[in-house]
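Asker: Sequence unavailable; structure follows:
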Ligand code: CA
């Protein structure tokens, strides 16, 4: 009897499996649910809420009239203290999110009751492969599963109810410096995920995996391998024509870059997947694609491009390159938004992006044809974009292997980075979390790639270090600006702008309640009028907020949620004590959830005590300190901040207890005794003399900065 029952149940299960159409999910989220996510006001089931990635919710219970009653309903502290960049997903009254170190947590979305946690146990030493902190930007869902990309390059399917692993697969060559920080997208039963690592000599691609078992279905490389032949895909042969020299091939091959580390969007009617492609590896085109005279030539497709792909097959359809021959780390991996609007009297299907290069682009998403572009921040590398869609470049800003350095704006952090924008269809405005931070690009004459460790960019990154003068430092840091720009994509101009005290503010959410929500580097979480930019509500978050908010309903009540916690590329490379007019910003990683009438309170804000600087005396020879400075800039600055000024997120080496002890310093830097914290051995890349020179340099810098500290007695 029992056996019959079991057999019958198995038969029914088989039958229902057999009835599934291709691409349909068994229970839970289906292709139709994702295509129609815009009609589902209650939930937030894909990264940008819909495939068009507008981050607009029609919910309007919280609006200009009621927002005064918005209060904290519940919060949850995270168990990591690194950058938090994730967009939560919500469905069936449950909220799912990722945190730093690719961990996943599930909560009851109304009460905050924790449901389950999952830790993929990313090895600590993976941190050294990450350009921009050990962040993760979110999940995807299909059927009854959640999908997660981990920092060490795995794609993992979890059971949504239990958090248990259903399958996992490795998506990258883990012997190279690939990382995964982006949120997957799912199209018709295929999980799409890219990767990062263009600062470390990798070759970028995006790939699709079967939701059922993780089998790789297709892989789309964004840059040529350098040895294309007749059998190579046509689009890669075409790309190879735009590269010169043989830097892509052989022992010292430079990878080429073009990583797809964040943005994607999908148009179900056109059946096109749009991907944003990153910068070149190395940054300096003269080393990547030297040309006849060695100063660099070629567009280097498909760097800094938006590429349209057929999601079923991975077939190339069209591309638009924002920065031909990019050399400034001008990725086009920034958020892509799809919308329909009237331009010059006709209804257009457009794709919009504000890539790092400072121009806001409107492109025809059916054809890839350029429509218009204007600068949304100060720009000096190009005077404009011509009618043919190519930039009108300022030759003074291109630096090759030798010659004068150039101060270029935007710098490598861009005019806009990964922080999501939002689009309000009623206002026809795009809200851009923008900033202004110029950068010094200085040539490095005899640069050689080192794919084992360190930044592979082909510029001297120490050239822009500020002198040990508090006045000059404050002045330069004061030129760094952050703003919220409400951009009209038809007239290509700002309708309104909110100035923030500093750069690196949070991603955005626009709502049918006429509001725009944004967290700030200044530890606030704010609501603004979508029409005017007037600040209508503010909450003290105790920590810098960089992640984008979402909104959802449970039992008819509207909630707004945001993951707070300072970190990411800018946060780990900026002097924590000199954030413009801001107090030092610290990381308190915490999910904040609000609703009308919410009355929860955060615990008191802890004191942030900076230890006084107490370095050993600086006695090393000038040449030793200079050698240390050079090696520090290439191998250490990416995590421990340029000029060793320290941040509030990662250890400040000027205050390191090992500074005064050659053996302890060597044990950390050469033997890698702290590798589980992310501090691996650099013995492959640095000789013992060079490691000792780095110690001498940090001691020298600590003494310079100690001399600048105000006398505690006064
Ligand atoms: Ca980059």
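Answerer: In hand now; what should we look at? Since the model is a prediction, treat every value here as computed from it, not as a measurement.

Asker: And the helices in the stretch 201-350 of the chain?
Answerer: 234-240, 285-288 (DSSP state H, counting those that start in this stretch).

Asker: Same list, those, but as CSV with distance to the ion please.
Answerer: To be clear about C-beta, it is placed using only N, CA and C from the backbone, and glycine gets the same treatment. Listed next are the helices of the stretch 201-350 of the chain as CSV, based on distance: least, CB to the ion, whole Å:
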stretch, distance to the ion
helix 234-240, 19
helix 285-288, 13
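
Asker: winner for burial among those helices?
Answerer: Mean neighbour counts were compared across the helices of the stretch 201-350 of the chain using mean count of other CB atoms under 10 Å; the top stretch is helix 285-288, at a mean of 27.

Asker: looking only at pLDDT, what's the mean for that one?
Answerer: Averaged across helix 285-288, the pLDDT comes to 96.

Asker: Pull the contacting residues for residue 405.
Answerer: 399, 440-443, 463 (CB atoms under 8 Å, 6 or more residues apart in numbering).

Asker: per-residue pLDDT, residue 191?
Answerer: At residue 191, pLDDT is 98.

Asker: Test my guess that it contacts residue 148.
Answerer: No. In this structure, residue 191 is not within contact of residue 148 by CB atoms under 8 Å, at 10.0 Å.

Asker: what residues do the two have in common as contacts?
Answerer: 155, 184.

Asker: still on that earlier bit, out of the contacts of residue 405, list just those in helices.
Answerer: Using DSSP state H, no member of the contacts of residue 405 sits in helices.

Asker: Show me which of these has the smallest pLDDT value.
Answerer: Pick the lowest pLDDT in those and you get residue 463, at 82.

Asker: Now do the phi/psi pair for the residue in the stretch 301-450 of the chain that the ion sits nearest to.
Answerer: Nearest residue of the stretch 301-450 of the chain to the ion (CB to the ion) works out as residue 329 at 4.6 Å. With angles defined as degrees, to the nearest 10, residue 329 sits at phi 60, psi 30.

Asker: Any stretches of the stretch 1-150 of the chain with poor pLDDT?
Answerer: Applying pLDDT under 70 to the stretch 1-150 of the chain picks out residues 1-27.

Asker: all strands for it, in order.
Answerer: For the stretch 1-150 of the chain, applying DSSP state E, counting those that start in this stretch gives strands covering 56-57, 70-77, 89-91, 94-99, 103-108, 114-118, 140-142, 145-149.

Asker: The first one - contacts with which helices or strands?
Answerer: The helices and strands touching strand 56-57, judged by 3 or more CB pairs under 8 Å, 6 or more residues apart in numbering; DSSP states H and E, are strand 422-424, strand 508-511, strand 550-554.

Asker: The third one now?
Answerer: Contact here means 3+ CB pairs under 8 Å, 6+ apart; on that basis strand 89-91 packs against strand 94-99, strand 140-142.

Asker: if we look at it, which residues are touching it?
Answerer: With CB under 8 Å, 6+ apart as the criterion, strand 89-91 contacts 28-29, 42-46, 95-97, 109, 138-141, 146, 550, 552, 561.

Asker: Which residue is the nearest non-sequential neighbour of the residue nearest the centre of the chain?
Answerer: Nearest to the mean C-alpha position of the chain, counting by CA atoms, centre = their mean, stands residue 418 at 4.1 Å. Nearest non-adjacent residue to residue 418, counting by CB to CB, 6 or more residues apart in numbering: residue 262, 5.1 Å away.

Asker: residues in contact with the one you found?
Answerer: 137, 181-182, 194, 276, 333-335, 418.

Asker: Of these, which ones also sit close to the ion?
Answerer: Checked against the ion using CB under 5 Å from the ion, those yield no neighbours at all.

Asker: Show me which of the residues you listed is closest to residue 64.
Answerer: residue 335 (25.6 Å; CB to CB).

Asker: what's the closest one in contact with, if anything?
Answerer: Contacts of residue 335 by CB under 8 Å, 6+ apart are 48, 53, 262-263, 276, 353-354, 416, 418-421.

Asker: would you list those in JSON lines and tack on distance to residue 394?
Answerer: Listed next are the contacts of residue 335 as JSON lines, based on distance: CB to CB, whole Å:
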{"residue": "48", "distance to residue 394": "34"}
{"residue": "53", "distance to residue 394": "32"}
{"residue": "262", "distance to residue 394": "27"}
{"residue": "263", "distance to residue 394": "27"}
{"residue": "276", "distance to residue 394": "24"}
{"residue": "353", "distance to residue 394": "22"}
{"residue": "354", "distance to residue 394": "20"}
{"residue": "416", "distance to residue 394": "20"}
{"residue": "418", "distance to residue 394": "26"}
{"residue": "419", "distance to residue 394": "27"}
{"residue": "420", "distance to residue 394": "30"}
{"residue": "421", "distance to residue 394": "26"}
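
Asker: Specify which member of those residues is nearest to residue 388.
Answerer: Nearest member of those to residue 388, counting by CB to CB, is residue 353, at 18.1 Å.

Asker: If anything else comes up later, I'll come back, but that's it for now.
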